[in-house]
Structure formats: C-alpha cells, structure tokens
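Q: Compute the structure for the input listed below.
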Amino acid sequence: MAEAKDIKKQIQNLTPKDFVTNQDIRWCPGCGDYSILKQVQGVMPELGIPRENIVFISGIGCSSRFPYYMNTFGMHSIHGRATAIASGLKAARPDLSVWIITGDGDSLSIGGNHLIHLLRRNFDVNILLFNNQIYGLTKGQYSPTSELGKKTKSTPMGSIDHPFNPLALCMGAESTFVARSLDREPRHMREILMRAEQHKGTSLVEIYQNCNIFNDGAFSGFTDKQLKKEHSLYLEHGKPLVFGAKEDKGIILDGFQARVVDLTDGKYSKEDLWIHDEKDRNKANILTRFFDDPSNEDALPRPFGIFYQENRFCYENALMEQLDYMKQKKGAPDLDKLLAGSNTWEAK
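A: Residues are numbered from 1 along each chain as shown. All right, here's what the predicted structure looks like:
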C-alpha cells in the first residue's frame, strides 16, 4: 500500500521538465517539430502515467528522432516499421502507453502496409503522423502527400503522382480515432493529444508540420494570421460548422455534398448548418474530402479537430482473452514440448 502511494505521489509531482532529456536536439532551427515536442512533453504529466510505462517508437525521418528527446522508454526503429514493432510491444505488454512517431514518407510510403493493418486491428496505441509534404531528412524529395505538380530534386518537372489524403486513407482502413492539428496551434494540439490518449484503441493524429528548409509555407493558408480563419474549420462535437474571420460562413450538407453558405444575407442561420458528430462515420468520410487548395476562392475550408471516433474492441484484449481461454481449457502450456513437436527421436 505504501509503495502504491509513493508511485501515485511521484506521478502527481511530474512536470514537463521531467520528460526532457540531455540530448542535443538535431532539428533545423525553426522546424515545426520543436512545437510538437514541447506540446507532447507538456501533456505527459497530465496523463497520470509513470514514465517507465510510456514508450515512444519511431521509424526513419526527421520526426523519428523524437524518442531521443523524450525521457521515457523508446526505440528509434527502421523505415516504416514503427507500427509493426509497436504492435508486438502492445501485444506483449498491454499495460504500456505506446506512442508511434512517424512522418508522411515513413508511414505512407514504405510503411503504408503496416499502417493500414495496425489501424484495422485497433491496438490501443497513439500515432502522431507529422505531415510536411516533403522528404526533409534526405534533403527535399517529394513525398506521398506532396501536391500534384510539386517541383523537387526528384521531380524537377513537377510531380505527376496523385497525393495521398492521409485521413481519408485512415478512415478507409477502419481507424477508430481520426484527428488533425497543426504545429502552430499549440493549445489545440494539446487538446487533441489528450483526447487521443484517452481513446481506447488506435488513435491517429495527423499534424501539419512546417519544414522551413525544404517546404516552407506549405500550410500558410491555415497558419497565416490574415488567411487562416477563412480557410480553417475547427470541429467541435455537437456544434455547427462555422468559419470565417467574423464567423460569417457555414457548411450545410446538400444530400452528400458539402456546401459553403453565407450567414449574413439572411437566407441561412447557424440553426440550418451541419452539426458535427464525432460518431458519424459517413459525415467523417465527407469531412476528410475537404481537401481543396486554399488558393481556390470556392474551396471548402480545411477541417481541424476530431473527425471520428468509435468504441471497438482492441486487438491485444481479444488476444489475451483467447490465451486465457485456452489456458483454462487445456492448462498451462509446455513450451519445450511445443518446440519439440511429435517428430522427435532419441539417439542411443
């Protein structure tokens, strides 16, 4: 009992500084990763979880240096495979709080197959997908999320690849928690991170992250003070979809087609608008398609917040139930006997 009280006291006394390591941070000055790191370190003490029960696992890329800077357990793994390693860890240790740090190249290119299967299996882990629409670590090649026509070192005439829509992909893979935030909106990011950890199942948070060296300003339409209110839509459960510098625009659903309406001409009021419901998969799928170029005057605003969440059994829980059932039915297994099998003989 005394030991449990000591542990509880230690958790209560944790501060963001307790999650900071002595490692030199090797990101370019001005990189959006600094903001994400700070918000994650700030959220950790609020989770009420001992540091020794928190694990950060990453793949390859600028974002994947993250575990070095978190004073928790962690692993800098291999390209695209953080999701696979995290799945194995969660299956063996369901009690741990597991965070996967990945980028648009790491998770959507070489790691795409692992990502979709982790989402459908619904391990209780948190995925932070840093999306800067470029390969930053390898010095500026186009990535799976780079826009059509993007000129880079590997596409000097402009990319002819149709880019991934990350959240639409995740919805298609049956993800149980889908959200989006930005590196330059720290308060919003913290709220989303807290909700992601509270979700029982796989949470995926796409974070727009500015690479100021190789793709500076990729998300300026959503971060520039003069533009962001006209192009950004912040989702709140149970509230109408309203945006604009003076909250003078809204979204209605005309059949299955989203449409922007003017709230100042008397034809529509907030009561007529689409009310956001985090449990509605069909509407969430439509929201993920609000993916227009913000330079287009008729573009739909880009949504930020929680698009969708649902309660579904977690893979590791179902696995443990199966194992417990078989132990009760057949008794404790004999590992030596299992490894030996039936095709054995003795040498005399």
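Q: got the buried residues for stretch 286-300?
A: Buried residues in stretch 286-300, counted by 16 or more other CB atoms under 10 Å: 286-288, 290, 294, 299-300. Placement of C-beta: from N, CA and C, glycine included.
Q: Next: stretch 268-278.
A: For stretch 268-278, by 16+ other CB under 10 Å, it's 273-274, 276, 278.
Q: which other residues reach that stretch?
A: Here stretch 268-278 makes contact (CB atoms under 8 Å, 6 or more residues apart in numbering) with 235-242, 250-253, 258, 261-263, 283-284, 305-309.
Q: And stretch 181-197, by the same measure?
A: Contacts for stretch 181-197 (CB under 8 Å, 6+ apart): 32-33, 35-36, 38-40, 42-43, 46-47, 97, 126, 128, 177, 179, 203, 205-210, 219, 222-223, 234, 304-306.
Q: Would you mark the buried spots in it?
A: Quick answer for stretch 181-197 (16+ other CB under 10 Å): 181-185, 188-193, 195-197.
Q: Give me the subset of these lying in strands.
A: Residues of the buried residues of stretch 181-197 located in strands (DSSP state E): 181-182.
Q: List just the nearest of the buried residues of stretch 181-197 to Q23.
A: Closest approach between the buried residues of stretch 181-197 and Q23, by CB to CB: D183, at 20.3 Å.
Q: what about F291, which SS state?
A: Taking DSSP: H, G, I helix; E, B strand; the rest coil as the rule, one finds F291 in the coil state.
Q: The closest residue in space to it that isn't next to it in sequence: how many residues sit nearby?
A: Leaving aside its sequence neighbours, F291 sits nearest to N165 (CB to CB, 6 or more residues apart in numbering; 5.4 Å). Look at N165: counted by other CB atoms under 10 Å, it has 15 neighbours.
Q: so N165 makes contact with F290?
A: No: using CB atoms under 8 Å, N165 is not in contact with F290, being 9.9 Å away.
Q: What are the buried residues along the strand or helix carrying N317?
A: If you go by DSSP states H and E, N317 is part of helix 315-330. For helix 315-330, the buried set under the neighbour-count rule, 16+ other CB under 10 Å, comprises 315-316, 319.
Q: for stretch 252-268, same thing?
A: 258, 260-261, 263.
Q: Show me the contact partners of stretch 100-107.
A: Applying CB under 8 Å, 6+ apart, the contact partners of stretch 100-107 are 56-64, 66-67, 79-80, 82-83, 86, 111, 115, 125-133, 135-136, 143-145, 164, 166.
Q: Tell me the buried residues within those.
A: Neighbour counting by 16+ other CB under 10 Å classes 56-64, 66-67, 80, 82-83, 86, 111, 115, 125-133, 135-136, 143-145, 164, 166 among those as buried.
Q: In contact with the most centrally placed residue in the chain, which residues?
A: Centroid-nearest residue in the chain, with CA atoms, centre = their mean: V205, separated by 2.3 Å. Residues counted as contacts of V205 (CB under 8 Å, 6+ apart) are 126-129, 179-181, 192-193, 196.
Q: want to try a markdown table for these, with pLDDT and distance to K150 as columns?
A: Listed next are the contacts of V205 as a markdown table, based on pLDDT from 0 to 100; distance: CB to CB, whole Å:
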| residue | pLDDT | distance to K150 |
| --- | --- | --- |
| N126 | 98 | 29 |
| I127 | 98 | 25 |
| L128 | 98 | 24 |
| L129 | 98 | 19 |
| A179 | 98 | 25 |
| R180 | 98 | 20 |
| S181 | 98 | 23 |
| I192 | 98 | 27 |
| L193 | 98 | 29 |
| A196 | 98 | 29 |
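Q: Past the worst-scoring helix or strand of the chain on mean pLDDT, which element shows up next along the chain?
A: Ranking every helix and strand in the chain by mean pLDDT, DSSP states H and E puts helix 2-12 at the bottom, with a mean of 63. Later in the chain than helix 2-12, the nearest helix or strand by DSSP H and E is helix 33-43.
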